[in-house]
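Engineer: take this sequence and fold it.
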Amino acid sequence: MSARAQNKIEGGAEDVPFIDSARLARLAAASRAELEAFQLHKLRRQLARLHASSGYYRQRMDAAAIAPDALPSLDVFRARFPLSNKADFLVDQSEHPPFGERLGIPREEVALVNMTGGTSGQGQEIYGRSQRDVHMQGYLHALPWFLAGLRPGDIAINCVPAGGLTTGGWGPGEGLRIAGATAFHVGGTLSTDAKIDLMLRIGEVNFIYASTNYLHTLTEAICRRGLEPKRAFPTLRTLFIAAEGYPLEWAERIETLWGCRLQEGYGSTQCAGFGGSTCADGVITPRGGRGLMHLFEWETLFEVVDPMTLHPVGSGETGELVVTNLSIEGSPVIRFRTGDSARFISWRDTGSGRAWNAIECGTIGRFDDMLKIRGNNVWPSAIDAAVFSFGEVGEYAGRVYTSAEGKTEIEVRIAFAEQAAPMDQTERDKLIEAIRTTIKERTNVWMTLVPCDRSELPEFSYKARRWKDERQQGYRL
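Structural biologist: Below is the predicted model of the structure:
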């Protein structure tokens, strides 16, 4: 990439990025060819650095006969550089504790340790972050929030638990600081009711960040008090969610209740923060369909591949996200299989006028979440979409088990929201049957629905794990 072309995008030599409207305008105006040339420039620099500093990646480059400085194209990189996955990283860090040979900086320069959540049951990846990486985590949180309208001085409520070992625990605090917002970090420290009390006491709230499921919990709790969110918080401009999929009907209801735009970002530990987010339209297009999360491709190289063939999927198709960090120093990922499923939309089809590829809002899932039930592939996200398409539902939880007769059974426990309180038993029975039928239409599996009190179901402060597969425990006696 020529220095002139690089300057056209970067506006000069890049050190530590910051929120800069002029730089974002240059990135938005760049052609696809210019953006890919910029990616190749940063990729060569990253691979050259890792060849010198990381035994894990040096071995992979040498085996693939890749010389970083002579890498001719992104296509050659995608065709020849081997993929990595969670299992590879777990073996590496087990043999070379604690960070593995993939660590790209000297051990004494690790300023922060991040770990994945371990929700897959396979163990937790360990990531060492440099001082620059810590700033990058903040930048990659502040960037989507800036695009969503967050500005210096805005009062922001961060509902995601802070601190700990996860990227999601550290990034938001850095991001809100970089954005210049006045931040209240209430996640993990206050109960839902205490959060609402504080928000009412503050009065002027402009921005709320929460996981998809916690925003559902927060909204439900406010409505239980007999309050209407948009009247209780009239200065709120932005709700920003992440981490899980949701039905479009739920997003429409949330925007109506709160009276403001719902925005979404895709992020992960492997992206060191957010890798993409919605633009001004939010998660619902003006036509009423699902919006798009535009990918920050100048910081993360994304691929969306068929998980079986590993070939790139076409625009409009669903595949597995593969990510490559172009700037992260400490424990970068290069062609890492995330296990996340996403519907890919080519930059040609986004209608945004920008040369950035995108993924569809509200449909991010996990390939390892799938349940095999009576010969059907059943995705928890599909059941979420069916259940929460009914505004009368407050929460639910499901389990798959083996009965005493050796049959596979599925139980879905449903707790109704406050607005369903006036219904009589006949109306409730009709609603339950309607939900059951909708689940069958979306999964091809009949399930048993059991009404219960809201207190009998968990309250999710971050990611929801609504399903338990108990079949490995044997017959239910």
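Engineer: so where's the stretch 1-150 of the chain shaky on pLDDT?
Structural biologist: 1-15, 118-122 (pLDDT under 70).
Engineer: strands of that one, start to end?
Structural biologist: Remark: strands assigned in the stretch 1-150 of the chain by DSSP state E, counting those that start in this stretch are 112-115, 126-129.
Engineer: Gly153 is nearest to which of those strands?
Structural biologist: strand 112-115 (27.4 Å; Cβ to Cβ). (Each C-beta comes from the backbone N, C-alpha and C, glycine too.)
Engineer: with adjacent residues omitted, what lies nearest to Val76?
Structural biologist: Distances taken as Cβ to Cβ, 6 or more residues apart in numbering put Ile66 closest to Val76, at 8.0 Å, once the chain neighbours are dropped.
Engineer: test my guess that the one you found contacts Ala79.
Structural biologist: No. The pair Ile66 / Ala79 is not scored as a contact, 10.4 Å apart, by Cβ atoms under 8 Å.
Engineer: the two - which one has more neighbours?
Structural biologist: Ile66 (18 against 9; other Cβ atoms under 10 Å).
Engineer: so who does the more buried one touch?
Structural biologist: 47, 76-77, 80-81 (Cβ atoms under 8 Å, 6 or more residues apart in numbering).
Engineer: return the member of those nearest to Met370.
Structural biologist: Phe81 (27.9 Å).
Engineer: neighbours around the nearest residue to that closest one once chain neighbours are set aside, how many?
Structural biologist: Closest residue to Phe81 apart from its sequence neighbours, by Cβ to Cβ, 6+ apart: Arg335 at 5.3 Å. For Arg335, the neighbour count with other Cβ under 10 Å is 18.
Engineer: would you mind measuring from Ile439 to Val387?
Structural biologist: Separation of Ile439 from Val387 (Cβ to Cβ, to the nearest Å) stands at 7 Å.
Engineer: overlap in contacts, these two.
Structural biologist: Val412.
Engineer: so what's the nearest residue to Gly55 once chain neighbours are set aside up against?
Structural biologist: Excluding the flanking residues, the one nearest Gly55 by Cβ to Cβ, 6+ apart is Glu101, at 3.8 Å. Neighbour list for Glu101: 54-56, 92, 95 [criterion: Cβ under 8 Å, 6+ apart].
Engineer: shaky segments in the stretch 351-477 of the chain?
Structural biologist: Residues of the stretch 351-477 of the chain meeting the criterion pLDDT under 70: 375, 404-406, 461-463, 472-477.
Engineer: what about 50?
Structural biologist: For the stretch 351-477 of the chain, the stretches with pLDDT under 50 are 474-477.
Engineer: assign Leu301 to helix, strand or coil.
Structural biologist: Under the three-state scheme (DSSP: H, G, I helix; E, B strand; the rest coil), Leu301 adopts strand.
Engineer: what is the burial count for it?
Structural biologist: The burial count for Leu301: 24, using other Cβ under 10 Å.
Engineer: enumerate every residue touching it.
Structural biologist: 39, 43, 74, 323-324, 326.
Engineer: ok, Ala181 - contacts?
Structural biologist: 145, 150-156, 207.
Engineer: mind giving me the PyMOL select for these, buried ones only?
Structural biologist: The buried residues among the contacts of Ala181 can be selected in PyMOL (16 or more other Cβ atoms under 10 Å) with this line:
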select buried, resi 145+150+154+155+156+207
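Engineer: including distance to Leu257, could the contacts of Ala181 go into TSV?
Structural biologist: Output for these, formatted as TSV (distance: Cβ to Cβ, whole Å):
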residue	distance to Leu257
Trp145	21
Leu150	21
Arg151	24
Pro152	28
Gly153	26
Asp154	21
Ile155	20
Ala156	20
Phe207	17
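Engineer: closest one to Thr426 out of the contacts of Ala181, please.
Structural biologist: Once Cβ to Cβ is applied, the member of the contacts of Ala181 that ends up nearest Thr426 is Phe207, at 43.0 Å.
Engineer: picking up where we left off before, just the buried ones from the contacts of Ile66?
Structural biologist: Applying 16+ other Cβ under 10 Å to the contacts of Ile66 flags 47, 77, 81 as buried.
Engineer: filter these down to the ones in helices?
Structural biologist: Using DSSP state H to define helices, the subset of these located there is 47, 77.
Engineer: where's the residue nearest to Val76 relative to Tyr139, distance?
Structural biologist: 28 Å.
Engineer: ranges for the helices of the stretch 201-350 of the chain?
Structural biologist: In the stretch 201-350 of the chain, the helices defined using DSSP state H, counting those that start in this stretch lie at 212-224, 229-232, 248-258.
Engineer: now for those, which one comes closest to Arg129?
Structural biologist: helix 212-224 (25.2 Å).
Engineer: return the closest one as CSV; C-alpha atoms alone will do.
Structural biologist: What follows is helix 212-224, C-alpha atoms only, in CSV (Å, rounded to 0.1, in the frame of the first residue of the first chain):
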residue,chain,number,x,y,z
THR,A,212,-29.8,-8.3,25.3
ASN,A,213,-31.3,-10.4,28.1
TYR,A,214,-30.5,-7.9,30.8
LEU,A,215,-32.3,-5.2,28.9
HIS,A,216,-35.3,-7.5,28.8
THR,A,217,-35.0,-8.0,32.6
LEU,A,218,-34.6,-4.3,33.3
THR,A,219,-37.6,-3.4,31.1
GLU,A,220,-39.8,-6.1,32.7
ALA,A,221,-38.8,-4.8,36.2
ILE,A,222,-39.7,-1.1,35.3
CYS,A,223,-43.1,-2.2,33.9
ARG,A,224,-43.8,-4.2,37.0
